[in-house]
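1. Sequence and predicted structure, then a few things I'm wondering about:
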Amino acid sequence: MIPGFHYGIYSCESCKGFFKRTVQNGKTFTCKQSSSCAVEVSNRKKCPACRYNKCRAVGMKVEGPIRPDRTRGGRSNYDGKSPVMPLNSSSSNITPHHKLKRPYGTSSLSSPEEQSVVNCCESRLSHEDSDKFDSLLHLADHCLYKIVKWARVLPEFISITTDDQILLLQNNWCELLFLNCCFHSMYHRPGLRVSKHHSLTPQMAEELGVEKVMGRLTSIVEDLEDMRVDEYEMPALKSMLLMSPDIVNLSNERAIVEHQDSLIDSLLTYSKVKHPNNHNRVGAMVTKLAELSRCSYVAKEMLTNVQNSGKVPQHSLLHELLKGDVVLH
C-alpha cells in the first residue's frame, strides 16, 4: 500500500497497520520455519512472526503505536507534509494490461488548449532564456494544472468530498509533479524532461541551485529504467501518489485505504503476468515512490523559501499550493 513515514521508517499502509495491531494488542507469533521466511510484498501475510521481525529489523519502533500523541490510524499529529504511495484482479489468465488504466501520458497535443501551452512556453529554458528559474516555475505551473485536470476525471477521486480532494492535492502535488518528470525522462538523458518539450540540463540545474534535487530525481529515473516500469504501471503509481490515506483530517480515510488495497492487488497481478520471475517488483517500485517523497520534501522547502522572497507569481497554482489555498473548479 501507499508508503508514508510510519513508526520511524517509510513503510506501506498495510505493514503499518499490522505492526500497530501487533504492538497494541500484545500479540506474539511463532514461525514454523525457524524464523527463516523470506518476507516480500507478495507473501507478507503468510508468516506474521517473520513479518513482525522484519518490521523491527528495518527500524520500526515499538514505542510508536503506543505514544500518547498518535491519532486514529497510527499517524503522528502533524499536518501531512511527508507522504506518499500500490491495482485488482483474481484471474490468472489475464492480459498484461488487465484492469490497468490506459497508457499514461497518451493524450494528444492537437487540441487548441494543449497547442496554446506549447506556443506559450516555446522559448522557455532555451539558450536565449534570460530567467531560467522563472521559466522553471512557469512550466511547473502548467504541469500542475494538467495534474489537477487529470485528477478531476478519476472516479475514485471525484467520489470523495471536495475537502478531501483539496487535502490530497495539497499534500501530494510535488510528488505527482516529480513522477511526471521522471516518467518523461526515462530513456531521454542527459538532463530531466520537465515537460514533453523542455529539458533541464545538469548545467542549468547547477546554475539554478537545484543540482541536488536533480541528482536525486536522475537516480530515481535510472532505477525506473532498470525496472522497465511501463505505461500501464505508471498511471497506477500516479494514482497511488494522489490517493494517499496517510494524511491528517481526511473525512473518508477508509475509502482511500480500500482504493489502495485495490491498487496493490492489481499491480501484483500485473507483475506476475509480465515479470513472473521478479517476486519483489512491486515492493521495489513502492520504495522508489518513498524516495520520491523524500525528494519532494526537500524541494518544497526550497520552493517555500523562494515564495517567501516573492519570486513565485502570486496568481499561479504553484503559489496557491504552497500557501495551501487551493480552490477546485
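-> Ah, there it is.
2. ok, now which ones touch L224?
-> By Cβ atoms under 8 Å, 6 or more residues apart in numbering, the contact set of L224 is 182-183, 186, 288. For the C-beta atoms, the positions are set from N, CA and C on the backbone; glycine is no exception.
3. in the protein, what secondary structure element scores lowest on mean pLDDT?
-> helix 112-120 (a mean of 46; mean pLDDT, DSSP states H and E).
4. quick one on the thing from earlier: could the contacts of L224 be laid out in JSON lines, adding neighbour count?
-> Formatted as JSON lines, the contacts of L224 follow (neighbours: other Cβ atoms under 10 Å):
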{"residue": "C182", "neighbour count": "26"}
{"residue": "F183", "neighbour count": "20"}
{"residue": "M186", "neighbour count": "16"}
{"residue": "K288", "neighbour count": "21"}
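5. Among those residues, which one lies nearest to R56?
-> Of all the contacts of L224, K288 has the smallest distance to R56: 23.8 Å, by Cβ to Cβ.
6. Can you get me the start-to-end distance on stretch 15-34?
-> 22 Å (Cα to Cα, to the nearest Å).
7. can you pull the buried residues of the helix or strand just after the least confident helix or strand of the chain?
-> Counting by DSSP states H and E, the next helix or strand C-terminal to helix 112-120 is helix 132-151. For helix 132-151, a neighbour-count test (16 or more other Cβ atoms under 10 Å) marks 132, 135-144, 146-148, 150-151 as buried.
8. Mind checking the pLDDT average for the helix or strand where C181 lies?
-> Assigned by DSSP H and E, C181 falls within helix 162-185. Across helix 162-185, pLDDT averages out at 93.
9. Check which element follows that helix along the chain.
-> Moving toward the C-terminus from helix 162-185, the next helix or strand (DSSP H and E) is strand 192-195.
10. coming back round to it: convert the C-alpha atoms of the helix holding C181 to PDB, please.
-> Below are the C-alpha coordinates for helix 162-185, written out as PDB (Å, rounded to 0.1, in the frame of the first residue of the first chain):
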ATOM      1  CA  THR A 162     -14.200  18.300  -2.100                       C
ATOM      2  CA  ASP A 163     -12.400  19.000   1.200                       C
ATOM      3  CA  ASP A 164     -10.600  15.600   0.900                       C
ATOM      4  CA  GLN A 165      -9.700  16.300  -2.700                       C
ATOM      5  CA  ILE A 166      -8.100  19.500  -1.700                       C
ATOM      6  CA  LEU A 167      -6.200  17.800   1.100                       C
ATOM      7  CA  LEU A 168      -4.800  15.200  -1.300                       C
ATOM      8  CA  LEU A 169      -3.700  17.700  -3.800                       C
ATOM      9  CA  GLN A 170      -2.200  20.000  -1.200                       C
ATOM     10  CA  ASN A 171       0.000  17.200   0.200                       C
ATOM     11  CA  ASN A 172       0.900  15.200  -2.900                       C
ATOM     12  CA  TRP A 173       1.200  17.800  -5.800                       C
ATOM     13  CA  CYS A 174       5.000  17.900  -5.700                       C
ATOM     14  CA  GLU A 175       5.400  14.100  -5.800                       C
ATOM     15  CA  LEU A 176       3.000  14.000  -8.700                       C
ATOM     16  CA  LEU A 177       5.000  16.700 -10.500                       C
ATOM     17  CA  PHE A 178       8.200  14.800 -10.000                       C
ATOM     18  CA  LEU A 179       6.700  11.500 -11.000                       C
ATOM     19  CA  ASN A 180       5.600  13.000 -14.300                       C
ATOM     20  CA  CYS A 181       9.100  14.400 -14.800                       C
ATOM     21  CA  CYS A 182      10.700  11.100 -14.000                       C
ATOM     22  CA  PHE A 183       8.500   9.200 -16.400                       C
ATOM     23  CA  HIS A 184       9.000  11.600 -19.300                       C
ATOM     24  CA  SER A 185      12.800  11.500 -18.600                       C
END
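11. Are there helices or strands packed against that helix, and which ones?
-> Here helix 162-185 is seen to pack against helix 132-151, helix 155-158, strand 192-195, helix 211-227, helix 233-242, helix 281-308, helix 317-323 when contacts are counted using 3 or more Cβ pairs under 8 Å, 6 or more residues apart in numbering; DSSP states H and E.
12. Point out the other helices and strands that the longest one packs with.
-> When contacts are defined as 3+ Cβ pairs under 8 Å, 6+ apart, helix 281-308 packs onto strand 9-11, helix 162-185, helix 211-227, helix 233-242, helix 253-274, helix 317-323.
13. Run the chain-centre distance for the helix holding C181.
-> In terms of Cα atoms, centre = their mean, to the nearest Å, the centre of helix 162-185 is set 7 Å apart from its chain centre.
14. when you give positions from now on, start the count at 30
-> In the new numbering, first residue 30, that becomes helix 191-214.
15. any idea of the angle that helix forms with helix 282-303?
-> 20 degrees (axes from the mean of the first three to the mean of the last three Cα atoms, to 10 degrees).
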